[in-house]
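In: generate a structure from the sequence data that follows.
(2 chains)
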2 protein chains.
Amino acid sequence: MTMLEKRTPIPVEEAVARCMAHAHKLPVITVPLADSLGYYTAEAITATYDIPMFDKSPYDGYAVRSVDTIGASGDNRISFRTVDHIGAGAVSSHAVQQNEAVRIMTGAPIPEGADAVVMLEQTVETEEGFTVRKSFKSGENIAVQGEECKAGELVLPAGTLITAGVQAVLATFSYSTVPVRRKPSVALIATGTELAAIDEPLTPGKIRNSNGPMIAGQLAELRIKAATYEVTADDYDHLLALIKEALQTHDIIITTGGVSVGDYDYMPDIYKALEADVLFNKVAMRPGSVTTVASLENQLLFGLSGNPSACYSGFELFAKPVIKKLMGATNCYSPVIEAELTEDFLKANPFTRFIRAELDVINRTVKPAGFNKSNAVVAIAKSNSMIMLPGGTRGFQAGDKVQVIITKLTDVASW
Amino acid sequence: MTMLEKRTPIPVEEAVARCMAHAHKLPVITVPLADSLGYYTAEAITATYDIPMFDKSPYDGYAVRSVDTIGASGDNRISFRTVDHIGAGAVSSHAVQQNEAVRIMTGAPIPEGADAVVMLEQTVETEEGFTVRKSFKSGENIAVQGEECKAGELVLPAGTLITAGVQAVLATFSYSTVPVRRKPSVALIATGTELAAIDEPLTPGKIRNSNGPMIAGQLAELRIKAATYEVTADDYDHLLALIKEALQTHDIIITTGGVSVGDYDYMPDIYKALEADVLFNKVAMRPGSVTTVASLENQLLFGLSGNPSACYSGFELFAKPVIKKLMGATNCYSPVIEAELTEDFLKANPFTRFIRAELDVINRTVKPAGFNKSNAVVAIAKSNSMIMLPGGTRGFQAGDKVQVIITKLTDVASW
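Out: Model prediction:
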């Protein structure tokens, strides 16, 4: 039997810091604009031309010389003659002369000579054109070249998450491909003799492997497709061989289970055999205090707990910010807000406690998302956040203000 | 020249309601568990067995009969003899007798006869077993069958967004495939003679098609891959043919541009030619008042404005909740919270105004995300929300409380 290994717990913040110190940005690649969602910009995006690129009409109307409208009123309508007619995408070859007008559609460039646009609604049609009943200022109803941004201006810094809005900006500046840092390649190995894969029979003593699909899902939420290895029984030689194989091709190896000090917990020995640098193997937190992270040159091994709640939290706390940093994100951490606890949570613990929770962001209240032992799984599904209770000797009561990490913010309220 | 069509604006809420009234849930299909992220459950998920499935040990330790520990103390250590040794996934064939113990690892089923678990840390090893210095209650350190949830219990209602946590629950209950409603098939057609596709030269008067990539991105944020059609010049016959073609195979047709009353705005005529039921063609909002939605049996046509900010907002307000409803979501709308405006916004407008904004969810403050005319694009990229200012005669000042629709909540704060 293995001797009971003595481990020294470190604070969660220190554990996160150690992971992040070993996370180095991955190389820059280019991806097609259409595939860029979820990556982070690897370079600052600078305006390559003014936006708008040219003075243009924001309305359907007529381009005129403002000087020709001076003195117009209800009693003194001034007439204009339409000499050309352009839609967006067209350029009038006509330079506008006295009391001439070019009919112009939204988005079309202002013709030479014109310095104002009369909206359609502001005109009364005549046989050869229209009349106006008010004067127009120079520049009126014109979207001026560069008014939104000027060529050379920094638009978005490197490390910006590419969202639909960012894709619109990239398209605007003609990025058909986008420089990003590649996503880490992640291997996922669920361990435990008790685990039955989804298509295996559930014989006595067995449970479903839920950690594997869950971590694959957490990776998929970051738009990363995990390389999922077979569910692995607690067998040192087989597990070591599998991890060595995974290390051939992956940046990150995530294992679930096997990190504790039990008789069949082989991960500690495997880190030794790999001569990996164990960054920590005990964190002052519940659940998941046995969470272990080890590094091997530029590769990281996340040894998550086999308990679903601990496994989920371990990924959110340690793996997620590391993955974002590898991808070049500027902001790697999930948002944290203060909210009011609506239920007592009286069980004190010397360690920081993370509780899968339901945050009501509107009312700034929060409560545990159900049964919350470390082996709980349903509460994970019902949670959109994690309450973070500092360790200490006291419990917490309804009405206390607590810190909450937002893990999701979908479907929390209706409009 | 086209007559200036008179349109009657309807309130935003009414426009949303009309869209939603025409959104019918799509058929149920099954997808592999690994591909289910982002779908919504089509059926309620009911526990198919108790969780835990059997009484199990939450710790590494020894299963004993609690009755045998009565009277144990520091001065009166009681001895136990280890008669079997099981890991998780194994079942002991040994029924525990007086002062016997089965060495048991986390997750393993409690052997017959035993009713408490002594943690490894609570023992002192002896030659044939160990001693304890405290008594244990019946049930101590046992995760009881069904304590998290009982067979038959409703775990997650139909219409739940499938997240990583939900995937863990589905795996737990042996769902190798998941009943979901299929995603809508969406065709995306950007119109406008002024638009240059990303790989075309930018000749005078042309601008990049940014709406196409943006809407494709907004769909990709919902994990829907748009069928992107060629950028289309303002040509009635060609556009009509293209839309007819798209209607052969898609549930939703999203067009950008061409919905106003300009000379080259052909969408109104196209809805007529298709004999589509125009749900509205004028919404009392800025930007995007010309946003038009039409229905055709079970298909919907979203005619979004060609102005990027209006286009973005139109998708968020009308298309997004419809798509969620088609997929069977219970909560179709983005969360709305109240926040304090940190900048004046003095321009009054009779219509509801939507402003791409930066929400600081921690401090509950919000401000416009930059230059915010309807043709602005950079502010979309910088936004995580939209301020929703009611129409009226007054502007808004710093310090005013305003309603904010959360569109994104990534990267807003650090932990």
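In: now do the strands in the stretch 251-400 of chain A.
Out: For the stretch 251-400 of chain A, the strands defined by DSSP state E, counting those that start in this stretch occupy A:252-256, A:277-280, A:285-286, A:292-296, A:299-304, A:336-341, A:352-360, A:365-368, A:385-389.
In: with residue B:291 as the reference, name the closest of the ones you listed.
Out: Residue B:291 lies closest to strand A:352-360 among these, at 31.3 Å (CB to CB). To be clear about C-beta, it is placed using only N, CA and C from the backbone, and glycine gets the same treatment.
In: tell me how far residue A:387 lies from chain B.
Out: As judged by CB to the nearest CB, to the nearest Å, residue A:387 and chain B stand 13 Å apart.
In: residue A:357 too?
Out: From residue A:357 across to chain B, the span is 12 Å (CB to the nearest CB).
In: got the contact list for that residue?
Out: Contacts here follow CB atoms under 8 Å, 6 or more residues apart in numbering or on different chains; on that basis residue A:357 touches A:366-369, A:383-387, A:404.
In: coming back round to it: make a markdown table out of the strands of the stretch 251-400 of chain A and add mean pLDDT.
Out: Converted to a markdown table, the strands of the stretch 251-400 of chain A look like this (pLDDT from 0 to 100):
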| stretch | mean pLDDT |
| --- | --- |
| strand A:252-256 | 98 |
| strand A:277-280 | 98 |
| strand A:285-286 | 96 |
| strand A:292-296 | 98 |
| strand A:299-304 | 98 |
| strand A:336-341 | 94 |
| strand A:352-360 | 94 |
| strand A:365-368 | 96 |
| strand A:385-389 | 95 |
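In: tell me the one among the contacts of residue A:357 nearest to chain B.
Out: residue A:383 (6.4 Å; CB to the nearest CB).
In: hang on, the earlier thing: closest one to residue A:65 among the strands of the stretch 251-400 of chain A?
Out: Per CB to CB, nearest to residue A:65 of the strands of the stretch 251-400 of chain A: strand A:336-341, 55.8 Å.
In: got the angle for the closest one vs strand A:385-389?
Out: With axes from the mean of the first three to the mean of the last three CA atoms, to 10 degrees defining the directions, strand A:336-341 sits at 80 degrees from strand A:385-389.
In: from the chain's centre, how far out does strand A:336-341 sit?
Out: Computed by CA atoms, centre = their mean, to the nearest Å, the chain-centroid distance of strand A:336-341 equals 21 Å.
In: buried residues, it. List them.
Out: By neighbour count on 16 or more other CB atoms under 10 Å in any protein chain shown, the buried set for strand A:336-341 is A:336-337, A:339-341.
In: relative to strand A:352-360, how tilted is it?
Out: With the same axes, to 10 degrees defining the directions, strand A:336-341 sits at 80 degrees from strand A:352-360.
In: so which elements touch strand A:336-341?
Out: Packing contacts for strand A:336-341, counted by 3 or more CB pairs under 8 Å, 6 or more residues apart in numbering or on different chains; DSSP states H and E, involve strand A:352-360, strand A:365-368, strand A:401-406.
In: how about the residues of the stretch 251-400 of chain A that lie near chain B?
Out: Selection of the stretch 251-400 of chain A residues close to chain B by CB under 8 Å from any CB of the partner chain yields A:260-264, A:306-308, A:312, A:329-338, A:356, A:361-362, A:371, A:373-378, A:380-383.
In: which residues of the stretch 301-415 of chain A score low on pLDDT?
Out: Low-confidence segments of the stretch 301-415 of chain A (pLDDT under 70): A:409-415.
In: on that earlier part again, I'd like the strands of the stretch 251-400 of chain A laid out as CSV, including distance to residue B:285.
Out: CSV is the format used below for those (distance: least, CB to CB, whole Å):
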stretch, distance to residue B:285
strand A:252-256, 46
strand A:277-280, 52
strand A:285-286, 47
strand A:292-296, 50
strand A:299-304, 47
strand A:336-341, 30
strand A:352-360, 28
strand A:365-368, 31
strand A:385-389, 32
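In: for those, which one sits closest to residue A:143?
Out: Proximity to residue A:143 (CB to CB) singles out strand A:336-341 among these, at 38.6 Å.
In: other residues contacting the closest one?
Out: Applying CB under 8 Å, 6+ apart, the external contacts of strand A:336-341 come out as A:359-361, A:364-367, A:387-388, A:396-406, B:361-362, B:413, B:415.
In: can you pull out the helices in the stretch 101-250 of chain A?
Out: Taking DSSP state H, counting those that start in this stretch, the helices of the stretch 101-250 of chain A run over residues A:164-172, A:211-221, A:236-249.
In: before we move on, back to that, are any of the residues of the stretch 251-400 of chain A next to chain B buried, and which?
Out: Buried residues within those, counting neighbours by 16+ other CB under 10 Å: A:260-264, A:306-308, A:312, A:329, A:331-337, A:356, A:361, A:371, A:373-378, A:380-383.
In: need the contact list for residue A:197.
Out: Contacts for residue A:197 (CB under 8 Å, 6+ apart) come out as A:209, A:230-231.
In: if you set the cut-off to 6 Å instead, what comes out?
Out: A:209, A:231 (CB atoms under 6 Å, 6 or more residues apart in numbering or on different chains).
In: now do residue A:398
Out: With CB under 6 Å, 6+ apart, residue A:398 has these contacts: A:341-344.
In: so how far is residue A:387 from it?
Out: From residue A:398 across to residue A:387, the span is 13 Å (CB to CB, to the nearest Å).
In: beta partners of the residue lying closest to residue A:385 once chain neighbours are set aside?
Out: In this structure, residue A:385 finds its nearest non-sequential neighbour in residue A:359, 4.0 Å apart by CB to CB, 6 or more residues apart in numbering or on different chains. Under the criterion DSSP bridges, residue A:359 forms beta bridges with residue A:366.
In: how about the residues of the stretch 101-250 of chain A by chain B?
Out: Residues of the stretch 101-250 of chain A lying near chain B by CB under 6 Å from any CB of the partner chain: A:105-107, A:109, A:148-149, A:155, A:161, A:164-169, A:171-172, A:176, A:192-194, A:198-199, A:204-206, A:208, A:210, A:213-214, A:217-218, A:220-221.
In: so how far is stretch A:293-307 from its chain's centroid?
Out: Chain-centre distance of stretch A:293-307: 23 Å, with CA atoms, centre = their mean.
In: quick check: buried residues in it?
Out: Buried residues in stretch A:293-307, counted by 16+ other CB under 10 Å: A:293-295, A:299-307.
In: how about stretch A:92-100?
Out: Buried positions in stretch A:92-100, judged by neighbour count with 16+ other CB under 10 Å: A:92, A:94, A:96, A:100.
In: and if you look at stretch A:348-359?
Out: For stretch A:348-359, the neighbour count (16+ other CB under 10 Å) marks A:351-359 as buried.
In: one more: stretch A:232-247?
Out: Neighbour counts using 16+ other CB under 10 Å place A:232, A:234, A:239-240, A:242-243, A:246-247 of stretch A:232-247 among the buried residues.
In: distance check, the closest residue to residue A:293 other than its chain neighbours against chain B.
Out: Nearest residue to residue A:293 in three dimensions, chain neighbours excluded: residue A:279, at 4.7 Å (CB to CB, 6+ apart). Going from residue A:279 to chain B by CB to the nearest CB gives 19 Å.
In: which members of the buried ones among the residues of the stretch 251-400 of chain A next to chain B occur in helices, if any?
Out: Counting by DSSP state H, these place A:308, A:312, A:378, A:380-382 in helices.
In: including distance to residue B:12, could those residues go into TSV?
Out: TSV is the format used below for these (distance: CB to CB, whole Å):
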residue	distance to residue B:12
A:308	42
A:312	38
A:378	37
A:380	36
A:381	33
A:382	32
